[in-house]
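**Student:** got a sequence here, can you model it:
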Amino acid sequence: MRMKTIMVCDDDQGIVDVLEILLDAEGFNVVTEINSTNLLKKIETSQPDLLLLDLWMPLLSGDQVLKIIRNTESIKRLPVIVLSASVDGSDIAEDAGADDFVAKPFNLDDIINKIKVFLD
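**Tutor:** Residues are numbered from 1 along each chain as shown. Here you go, the predicted structure:
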């Protein structure tokens, strides 16, 4: 079985680092991107199996990125789990086309369990 690749996009380097360590320990290949404007190109090149996407980012917000993904034929089926500290986050994520939602501060086991639903 090939190693599954998870892409993490969050403008907070601390969160990116925590998720990278966690996912790496779980046996995933992790690709990270801190700048949401680079994300679409990076998805095309690294072909992740799942995307963990922060909702509130400068320049291009998570819901804007997600709407572009859902309208791009080559990547529109990519499972996306949105992360957000916003109280409205789950509604915004659902409206934009997210497959699932995790509230910040997140429970690490919760994230792993949600990822496994999509990748097993």
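**Student:** distance of the most centrally placed residue in the chain relative to residue 73?
**Tutor:** Nearest residue to the geometric centre of the chain (CA atoms, centre = their mean): residue 52, 1.4 Å. Distance of residue 52 to residue 73, given as CB to CB, to the nearest Å: 22 Å. From N, CA and C alone the C-beta is placed, and that goes for glycine too.
**Student:** which residues sit in contact with the residue lying closest to residue 13 once chain neighbours are set aside?
**Tutor:** Sequence neighbours aside, residue 34 is the residue nearest to residue 13 in space, at 6.2 Å (criterion: CB to CB, 6 or more residues apart in numbering). Shown in contact with residue 34 (CB atoms under 8 Å, 6 or more residues apart in numbering): 9, 10, 11, 13, 16.
**Student:** go on, residue 119?
**Tutor:** Listed by CB under 8 Å, 6+ apart, the contact set of residue 119 reads 4, 49, 50, 79.
**Student:** may I have the phi/psi pair for the nearest residue in space to the last one that is not next to it in sequence?
**Tutor:** In other words, residue 79. Leaving aside its sequence neighbours, residue 79 sits nearest to residue 118 (CB to CB, 6+ apart; 4.2 Å). Main-chain torsions, residue 118, degrees, to the nearest 10: phi -80, psi -30.
**Student:** just for this structure, where's the confidence low?
**Tutor:** Within the chain, the ranges that satisfy pLDDT under 70 run 1.
**Student:** those helices in it, which residues are they?
**Tutor:** Remark: helices assigned in the chain by DSSP state H are 13-25, 39-46, 62-70, 89-96, 108-119.
**Student:** tell me the angle of the first one relative to helix 108-119?
**Tutor:** Here helix 13-25 runs at 60 degrees with respect to helix 108-119, directions being taken by axes from the mean of the first three to the mean of the last three CA atoms, to 10 degrees.
**Student:** show residues contacting helix 13-25.
**Tutor:** 6, 8, 10, 30, 32, 34, 52, 54, 83, 104, 108, 111-112, 115.
**Student:** quick one, what contacts residue 8?
**Tutor:** The neighbours of residue 8, taking CB under 8 Å, 6+ apart as the test, are 16, 19, 20, 23, 30, 31, 32, 33, 51, 52.
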